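Here is my input; please provide its structure:
(chains A, B, C and D)
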There are 4 protein chains.
Amino acid sequence: MSLDHTAKGVYAIAATPFHDDGRLDLDSLDRLTDFYAEAGATGITILGIMGEANKLEAEESLEIVRRVVTRSALPIVVGVSAPGLAAMRRLAGESMALGAAGVMIAPTPALRTDDQIRGYFDQAVEAVGRDIPWVLQDYPLTLSVVMSPGVVRDVIQANPSCVMLKHEDWPGLEKISALRRFQSEGSLRPVSILTGNGALFLDFEMERGADGAMTGYGFTDALADIVRLSAAGEREAAHDLFDAHLPLMRYEQQQGVGLAVRKYVLQKRGILTSAAQRKPGSVLSAPARAEVDYLLARVARHDPRAAL
Amino acid sequence: MSLDHTAKGVYAIAATPFHDDGRLDLDSLDRLTDFYAEAGATGITILGIMGEANKLEAEESLEIVRRVVTRSALPIVVGVSAPGLAAMRRLAGESMALGAAGVMIAPTPALRTDDQIRGYFDQAVEAVGRDIPWVLQDYPLTLSVVMSPGVVRDVIQANPSCVMLKHEDWPGLEKISALRRFQSEGSLRPVSILTGNGALFLDFEMERGADGAMTGYGFTDALADIVRLSAAGEREAAHDLFDAHLPLMRYEQQQGVGLAVRKYVLQKRGILTSAAQRKPGSVLSAPARAEVDYLLARVARHDPRAAL
Amino acid sequence: MSLDHTAKGVYAIAATPFHDDGRLDLDSLDRLTDFYAEAGATGITILGIMGEANKLEAEESLEIVRRVVTRSALPIVVGVSAPGLAAMRRLAGESMALGAAGVMIAPTPALRTDDQIRGYFDQAVEAVGRDIPWVLQDYPLTLSVVMSPGVVRDVIQANPSCVMLKHEDWPGLEKISALRRFQSEGSLRPVSILTGNGALFLDFEMERGADGAMTGYGFTDALADIVRLSAAGEREAAHDLFDAHLPLMRYEQQQGVGLAVRKYVLQKRGILTSAAQRKPGSVLSAPARAEVDYLLARVARHDPRAAL
Amino acid sequence: MSLDHTAKGVYAIAATPFHDDGRLDLDSLDRLTDFYAEAGATGITILGIMGEANKLEAEESLEIVRRVVTRSALPIVVGVSAPGLAAMRRLAGESMALGAAGVMIAPTPALRTDDQIRGYFDQAVEAVGRDIPWVLQDYPLTLSVVMSPGVVRDVIQANPSCVMLKHEDWPGLEKISALRRFQSEGSLRPVSILTGNGALFLDFEMERGADGAMTGYGFTDALADIVRLSAAGEREAAHDLFDAHLPLMRYEQQQGVGLAVRKYVLQKRGILTSAAQRKPGSVLSAPARAEVDYLLARVARHDPRAAL
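Sure thing, here's the model as predicted:
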């Protein structure tokens, strides 16, 4: 199964489950893998920023790839961003050999000019191999690399193996419109656009032309419904469901805190045994946990899946 | 009327109205000043980042101060942040002479260490005068200066004329709790905390101990109601109103786009003649205007003030 | 006298003299203006970053322009970079009316993409007036805006009134070569390139094709000699003089300390009455002053002008 | 052999030799290891930023550690900075097991406040083990983390296993003086201070109290002489030798270019077979190589070791 530009729906950004003592929790990883499929995800992205990828040793990363690829029938995308190209090439090659559908590459934070960005992806794609399907991650808030629509187009056009954009610029609605306009004008080939940013703008991102979401919000099932409703033209129903979840989505989308919220929610949903992050990680305070509980109760009035 | 640590409620961050050709629009400024009072604001903050302060010439800034101070019965806070202390001292002195209640000072973006931050505010307060009440603006996302709770406390304790914190760290809930804990422990004197960040976390900020909001969301009246309900302990009602506005608040809180949305909403409410920003500024695309219209219509189901 | 692309030699970046109490010291400014001419400068740049421009009030800035333009027979370039275009337009217009030869514009620090940089200069040049000759300042280390050679070319080609590049990228030798190559290929029109960075690479910058220096090193006379020798093909002599000054140049080129060193040297040369900076500014420690004295004594073995 | 606070002299920051095709060049590594000892280095630091550490696979890093530790009688410091603590712990543990004398840890680039910095080192030291001697790397220009002298003291005092500061703040002379003053006041325990920044301020750093240098300038032997002369109080001789090398040191100390210069010089000295960097890396242009050749010839007038 190989990733291509027709990808749609929801690619769940997977958390990496740990025991309280920091060891990998593979049983929870299995449950999480199953959950994403049952929730209606059309793909899973592992070893992303949210997956605490940079806290893992190389063998652990491969163990996660092997476990998820083996267990899931969904296409698996593996985040391979790394400070050096050697590590990137190795993880990409081994992941594809294990059955991954593609990899995801983010720009390295030091990049500034358009030339530097184009040059970096040329080198990165050469390193991982020009035949491996890959996702271009555009995430300025965390990576501090700003790619104009024109540069995104340049990178996609120069690299036929780039099949998807993980769009999480903020603000980003006009960027989606610009890219889709490039395509209708014929200057950009087809590419899948899945959006991130904790789904905080998913309602309008779909209406601007996104193909779905790639994010780690704890209610993958709700995201799948929003994407489905929006794609089916059921605008009011899509917005109603989106608005019901927005207070919790907004709470999750806090830099440095978001992952703790997500793991807490996934634990409450019975998927993760522990909400622990590997060090260095953040911990939810008692007031924060109470706030999430309160938000869940309010979401549950509209969406019974939040009644935990 | 002088600002002090007992300030509560909603301080509206005022937009600066321009004609389409970029000239100041003083008639709209008068309407805006009146609107804030009618909407239940307890104060007005002018010449902030959102007020396009750095696009104004010195005389224009003073004209705005004079106009608003003269017209309004509310306490007026004047943003005086500037690259140099001479300009800051001058605007602060002239504003206070014209009747402002206090000034607001942000850290200059180059600051990194705790010592640098403490040193900067010492110099800034010496420059504007140690008798002028001032608001400490804590806005890391835009200013790239990160102040720990301990440093905020240091700055407040070292400067008796600091009477308020404009809190817009993100995430910021734990910071409010930390500061209030400092106070209950006796290591921090009383200080007003009003929150920014487009009110995106106002629901829980109030519950963590904030005294209100200082932000420019187009529905000052709704913010005033949320603050009032929350302060009165009507938790469900506060959250219901907050949640109704959240989709629009979220849309406004987009870096670089937010001001265009706010001016568009204020124009639709009949307050601004033009939604124009002075150059360089952003302009709402037609799809973006349609999205705001749609959001207004949805908010209006819960809050008739949004039926425009 | 109007700045054009044939400018060569040394444009001195002028310090702004203050009395110990922070008032402008106009007598010292007169002496400094005279000194630059006697030292062989071919132009003077005032109100730059090193000129503490952002600590001045608007009237003071104009007073400095008037004083220097009136006194000097050299072309005067005025730094007009400001957070807002209104202030920039005003200072540029008034400076040209007073007799300045041109203005200097730096990119505003928030710019990231090539499109943003091109767009900013388009707006800035429209604001100051498309008929005013201007210098493009390229200073990534302090401004955090990185312009590729291609973008520098784009900005110059799109703006006929841009006649000079103040080059202070670091490293920057290849950039000079790239721009000169653009010109020999016919894709870039003639433009003067003067280099900054405290002259730390002036030896090779000249050999790569620079027309001279624009920097504030305290020995303008030595810079003028180095440029003259290098332009005349006297390579060894140019390097010998350069190397003799390099230990002191290197000492001056310390972020945040450099201006204090320069003012101290200019004071020792009898030009400035006080080495004071307006607040907030740095002060040389006693060991630092002794180090500069020691360096001067060592330079004086090769260049008697350093025997102070 | 274990690193402690009495370390003095020159710790060479080792380049990592590659063949032209990117494979590790272990023969050159052996020659380099021998060269450093012959040149008078008192220690060697491997896998630093300059060592292209982030381009290596985990096995390669260990191979380098094993090779150098086995071959050299000098204490070996291993750079273990990594995005995650798991990788850091593993490399540190394995390096010490192989016979390294200590490790070097830099702050992770996202750190801003003093609390964050102190907290990070607490976690990092816990991860690598509180019994492993380590070097605190203070390099704001590249890492964008600014540590005040007080924070450096806090980190050292809180972590008894910290035995050395690799000082490369810029400017940094006052920081050395401040730390030595802390020690004479009794608030800071003994710690070795070796300085970096390409030795660009080594002359005065020694006089301010540094114990030596830790940097990768191609003439380790000259650095050793400068440190020795300065420590012996032969001030003029130390400065004379320093000044002779400064034009080349300055040329090497160009961000992104410096490593290419160093490898080129080490190749010319007969130590490296190839000057290649592993991708992504920079390559010296023909004019740049000619400039280095010219600088070498000029240095050789004073120091025959540069006659290559």
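
which stretches of chain A have low pLDDT?
By pLDDT under 70, chain A has no low-scoring segment.

which residues sit against the longest helix anywhere in it?
Secondary structure assigned by DSSP state H gives helix A:235-252 as the longest helix of chain A. Contacts to helix A:235-252, defined as CB atoms under 8 Å, 6 or more residues apart in numbering or on different chains, come from residues A:198-200, A:202-203, A:206-207, A:217-219, A:222, A:225-226, A:229-230, A:258, A:261-262, A:265, A:291-292, A:295-296, A:298-299, A:301-303, A:306, B:200-201, B:203-204, B:239, B:242-243, B:246-247, B:250, B:298. Quick note: C-beta positions are derived from backbone N, CA and C, even for glycine.

Next SSE downstream of it?
Using DSSP states H and E, the helix or strand that follows helix A:235-252 towards the C-terminus is helix A:258-268.

Please check the contacts of helix A:235-252 and keep the buried ones.
Buried by 16 or more other CB atoms under 10 Å in any protein chain shown: A:198-200, A:202-203, A:206-207, A:217-219, A:222, A:225-226, A:229-230, A:258, A:261-262, A:265, A:291-292, A:295-296, A:298-299, A:303, A:306, B:200-201, B:203-204, B:239, B:242-243, B:246-247, B:250, B:298, out of the contacts of helix A:235-252.

about what we covered before: now the longest helix of chain A - C-alpha only, PDB.
Listed next in PDB are the C-alpha coordinates belonging to helix A:235-252 (Å, rounded to 0.1, in the frame of the first residue of the first chain):
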ATOM      1  CA  ARG A 235     -22.600  22.400   5.900                       C
ATOM      2  CA  GLU A 236     -24.700  23.100   8.900                       C
ATOM      3  CA  ALA A 237     -24.300  19.600  10.300                       C
ATOM      4  CA  ALA A 238     -20.600  19.800   9.800                       C
ATOM      5  CA  HIS A 239     -20.300  23.200  11.600                       C
ATOM      6  CA  ASP A 240     -22.700  22.000  14.400                       C
ATOM      7  CA  LEU A 241     -20.400  19.100  15.200                       C
ATOM      8  CA  PHE A 242     -17.300  21.200  14.800                       C
ATOM      9  CA  ASP A 243     -18.600  23.900  17.100                       C
ATOM     10  CA  ALA A 244     -19.500  21.300  19.700                       C
ATOM     11  CA  HIS A 245     -16.000  20.100  19.900                       C
ATOM     12  CA  LEU A 246     -14.300  23.500  19.400                       C
ATOM     13  CA  PRO A 247     -14.000  24.400  23.100                       C
ATOM     14  CA  LEU A 248     -12.100  21.100  23.700                       C
ATOM     15  CA  MET A 249     -10.100  21.400  20.500                       C
ATOM     16  CA  ARG A 250      -9.000  24.900  21.500                       C
ATOM     17  CA  TYR A 251      -8.000  23.600  24.900                       C
ATOM     18  CA  GLU A 252      -5.900  20.800  23.300                       C
END
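
from the middle of its chain, how far away would it be?
With CA atoms, centre = their mean, to the nearest Å as the basis, helix A:235-252 stands 18 Å off its chain's centre.

Stretch A:120-138 too?
Distance, centroid of stretch A:120-138 to centroid of chain: 17 Å (CA atoms, centre = their mean).

Give me the distance between the two termini of that stretch.
End-to-end distance for stretch A:120-138, by CA to CA, to the nearest Å: 14 Å.

How about it and chain B, any contact?
No: Stretch A:120-138 does not reach chain B (CB under 8 Å from any CB of the partner chain); its nearest approach is 15.2 Å.

wait, does that stretch contact chain C?
No: Stretch A:120-138 stays clear of chain C (CB under 8 Å from any CB), getting no nearer than 11.9 Å.

can you tell me if that stretch touches chain D.
Yes: residues of stretch A:120-138 are located near chain D by CB under 8 Å from any CB, namely A:120, A:123, A:127.

is it true that the first one touches residue A:108?
Yes: here residue A:120 lies in contact with residue A:108, judged by CB atoms under 8 Å, at a distance of 6.2 Å.

In a helix, residue A:177, correct?
Yes: in this structure, residue A:177 lies within a helix as judged by DSSP: H, G, I helix; E, B strand; the rest coil.

Just give the nearest non-adjacent residue to residue A:134, would you?
Using CB to CB, 6 or more residues apart in numbering or on different chains and skipping residues adjacent in sequence, the residue nearest residue A:134 is residue A:103, 5.0 Å away.

Identify the residues contacting that neighbour.
For residue A:103, the contact set (CB under 8 Å, 6+ apart) comprises A:77-80, A:91-92, A:95-96, A:128, A:132-135.

mind giving me CSV with those and columns for secondary structure, distance to residue A:183 and neighbour count?
Shown next, in CSV, are the contacts of residue A:103 (DSSP: H, G, I helix; E, B strand; the rest coil; distance: CB to CB, whole Å; neighbours: other CB atoms under 10 Å in any protein chain shown):
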residue, secondary structure, distance to residue A:183, neighbour count
A:77, strand, 22, 30
A:78, strand, 27, 31
A:79, strand, 26, 26
A:80, coil, 27, 29
A:91, helix, 31, 24
A:92, helix, 27, 26
A:95, helix, 29, 28
A:96, helix, 28, 22
A:128, helix, 25, 22
A:132, coil, 23, 22
A:133, coil, 19, 21
A:134, strand, 19, 25
A:135, strand, 17, 27
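
and which of those residues is nearest to residue B:212?
Residue B:212 lies nearest to residue A:79 out of the contacts of residue A:103, by CB to CB, at 41.7 Å.

May I have the residues that are in contact with the closest one?
When contacts are counted by CB under 8 Å, 6+ apart, residue A:79 touches A:45-49, A:51, A:53, A:103-104, A:106, A:137.

Format those as a markdown table; extra columns: distance to residue D:162.
Shown next, in a markdown table, are the contacts of residue A:79 (distance: CB to CB, whole Å):
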| residue | distance to residue D:162 |
| --- | --- |
| A:45 | 39 |
| A:46 | 36 |
| A:47 | 33 |
| A:48 | 34 |
| A:49 | 30 |
| A:51 | 32 |
| A:53 | 29 |
| A:103 | 39 |
| A:104 | 37 |
| A:106 | 33 |
| A:137 | 36 |
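
Those residues in strands, which ones?
Those of these mapping onto strands are A:45-46, A:103-104, A:137, per DSSP state E.

Out of those, give me the two with the largest separation.
Of all pairs in the ones in strands among the contacts of residue A:79, the most separated under CB to CB is A:46 and A:137 at 13.7 Å.

which one of those two has more residues nearby?
Taking other CB atoms under 10 Å in any protein chain shown, residue A:46 and residue A:137 do not tie; residue A:46 has more neighbours (29 against 25).

Let me know how buried the closest residue to that one other than its chain neighbours is, in neighbour terms.
Leaving aside its chain neighbours, residue A:46 sits nearest to residue A:14 (4.8 Å; criterion: CB to CB, 6+ apart). By the measure other CB under 10 Å, the count of residues near residue A:14 is 26.

ok, residue A:162 to chain D distance?
Separation of residue A:162 from chain D (CB to the nearest CB, to the nearest Å): 18 Å.

Is it correct that residue A:282 is in contact with residue A:259?
Yes: proximity of residue A:282 to residue A:259 meets the contact threshold set by CB under 8 Å, at 7.2 Å.

So those two - more neighbours on which side?
With neighbours defined as other CB under 10 Å, residue A:282 and residue A:259 compare such that residue A:259 has more, 22 against 17.

The stretch 201-308 of chain A against chain D: which residues are in contact?
Counting by CB under 8 Å from any CB, the stretch 201-308 of chain A sits next to chain D at A:278-280.

ok, now with 7 Å
By CB under 7 Å from any CB of the partner chain, the residues of the stretch 201-308 of chain A that approach chain D are A:279-280.

phi, psi of the one residue in the stretch 201-308 of chain A that gets nearest to chain C?
Of all residues in the stretch 201-308 of chain A, residue A:255 sits closest to chain C, at 19.0 Å by CB to the nearest CB. Dihedral angles of residue A:255 (phi, psi; degrees, to the nearest 10) stand at phi -50, psi 120.

give me the number of residues near it?
Applying other CB under 10 Å, we find 13 residues neighbouring residue A:255.

from what I can see it touches residue B:169, true?
No: between residue A:255 and residue B:169 there is no contact under CB atoms under 7 Å: 10.1 Å.
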